[in-house]
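**Student:** using only what follows, build the 3D model:
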Amino acid sequence: MDNNIREIVAALHSTENMTSLAIAGAGTRAIGWILGVAGASRTVLDIQVPYASSAMIQYIGAEPGQFVSETTSCALARAAYRKAIRLRVGDMPVVGLSCTATIATDRPKRGEHRCHVSTYDSTSWNTATLTLTKGLRTRDDEDDVVSRIILNALAESFGLDDRVAPGLSTDEEIIPTGGRFGDPLEALAAGHIGHVLVLADGTRSADAAFSGVILSGSFNPLHRGHNRLLRVASRILGKPGIFELSISNVDKPDLAVSEVSRRLKQFYDKSDIAVTRVPTFVEKARLFPGATFVIGFDTMTRLVDPKYYGGSENRMNSALSELQDLNSGFLIAGRVIDGVFNTLDDLPLPTACGQLFTQIPESEFRDDISSTQIRNEQPYTYRSRFTNLANEK
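**Tutor:** From the prediction side, this is the model:
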């Protein structure tokens, strides 16, 4: 390892950033460089070498159209980013880095020798593509070039200025591609990240961890029943609580970013809220493992009805089992139907439910107001009541 490489690796270890690496085809020398300088535990969360096609498919969750391509490299970096999110402690910034490459081997290759090195973080993605001149280098020398590109890509994603010379010939050129989002909500709407946590002071952070109490809803509008229910649930469990708004809905078109922003204004200076783009509770639980979701009786009936799982009882039981595996739970608020206050005792629960569901006693919470009722009121009454109820803490 030359001094320039050692200095850049030491600089990587001195930042607050961490990374998960997925290196396939070439670039393993970069792994040795990163681990060979003291302080690697401050930088590296995980390193995978999905060399076999089956390992690549398992890592990214689907079979790519081409194993060595810009698209596959970006998908691999995205999977590495999501793994870094799961592995990190706290909210330190993380980067997923990948490499897919095909270089010289022990038999002649008819195709190009090339590499695609990608990085993926909460606001951007970038890929560096290089076609190597065949016959110019040995396999070790080609791996050295790819490893240097990997090191430079990681340095750039960490915000460092220094680079190592990749050692290209005059006929070779690294082709960069990528993009950046200016706002976390735009990144979420594009499917780039999993969720945005919006604090009461307006601060927005991408994919921040949370495992307390979550009250999901459309909040059109936010009203006193929402506020009271979250307070009660948080008190019962002794955990912090947040609201959750999904851009996507099973039965409706996705919300526009402008509409999401309008609804978020109700929470400023009052409550924290997570914005997601997942409509089902299994998907929400994957984003927030260990969280307890607060739901009403109507939502509860849908959770345990095979009709909402394509009519398949097996799919329903599978979803309920996964929720338990993710250490999720549900607090249920009862509701008046035809003059009768309905609770969990009024529902036949599948055996797969286990201990997923807990009823909130009627003495702790009962509020028969609904967003639909408020919206159906006269416009003037709606506006004034909307303001008054949203302002309640």
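**Student:** ok, A187 - contacts?
**Tutor:** Residues in contact with A187 (CB atoms under 8 Å, 6 or more residues apart in numbering) are 122-123, 181, 193, 196, 206. Yep, even glycine has a C-beta here, placed from its N, CA and C like the rest.
**Student:** tell me the SS of it?
**Tutor:** What DSSP: H, G, I helix; E, B strand; the rest coil gives for A187 is helix.
**Student:** what does the pLDDT read for it?
**Tutor:** A187 is assigned 94 on the pLDDT scale.
**Student:** which parts of the protein are helices?
**Tutor:** 3-13, 28-35, 53-60, 70-87, 139-157, 184-189, 224-237, 257-264, 281-287, 297-303, 313-325, 371-375, 379-390 (DSSP state H).
**Student:** between the contacts of A187, which is nearest R231?
**Tutor:** V196 (23.1 Å; CB to CB).
**Student:** bridging residues for that closest one?
**Tutor:** A206, V275 (DSSP bridges).
**Student:** tally up the residues packed near it, please.
**Tutor:** 27 (other CB atoms under 10 Å).
**Student:** for the chain, which spans come out with low pLDDT?
**Tutor:** 354, 369-393 (pLDDT under 70).
**Student:** can I see the domain layout of it?
**Tutor:** 3-180, 184-390 (automatic domain parsing).
**Student:** what is the end-to-end distance of the shortest one?
**Tutor:** To tie it back to what came earlier, the one meant is domain 3-180. End-to-end span of domain 3-180 (CA to CA, to the nearest Å): 32 Å.
**Student:** pretty sure I295 is touching G334, no?
**Tutor:** No: contact criterion CB atoms under 8 Å: I295 and G334 do not qualify, at 11.1 Å.
**Student:** what residues sit buried inside stretch 260-274?
**Tutor:** Buried positions in stretch 260-274, judged by neighbour count with 16 or more other CB atoms under 10 Å: 260, 263-264, 266-267, 271-274.
**Student:** closest one of these to R78?
**Tutor:** Scanning the buried residues of stretch 260-274 for proximity to R78, where the rule is CB to CB, the winner is A274, at 20.2 Å.
**Student:** how far away is that closest one from V196?
**Tutor:** Taking CB to CB, to the nearest Å as the measure, A274 falls 7 Å from V196.
**Student:** same thing with T131?
**Tutor:** Distance from T131 to V196, by CB to CB: 38 Å.
**Student:** also L323?
**Tutor:** In terms of CB to CB, L323 sits 23 Å off from V196.
**Student:** do L331 as well
**Tutor:** Counting by CB to CB, the gap from L331 to V196 is 24 Å.
**Student:** try P176
**Tutor:** Taken as CB to CB, the span from P176 to V196 is 27 Å.
**Student:** I figured G178 hits T127, correct?
**Tutor:** Yes: in this structure, G178 is within contact of T127 by CB under 8 Å, at 6.1 Å.
**Student:** if you count surrounding residues, which of these two has more?
**Tutor:** Taking other CB under 10 Å, G178 and T127 do not tie; T127 has more neighbours (22 against 13).
**Student:** give the contact list for that one.
**Tutor:** With CB under 8 Å, 6+ apart, T127 has these contacts: 70, 73-74, 77, 116-118, 176-178.
**Student:** which one of the residues you listed is nearest to M1?
**Tutor:** Closest to M1, out of all of the contacts of T127 and judged by CB to CB, is V117, at 19.1 Å.
**Student:** who does that closest one bridge with?
**Tutor:** In beta-bridge terms (that is, DSSP bridges), V117 pairs with C99, A128.
**Student:** contacts only, for A104.
**Tutor:** A104 neighbours (CB under 8 Å, 6+ apart): 113, 134, 137-139, 142.
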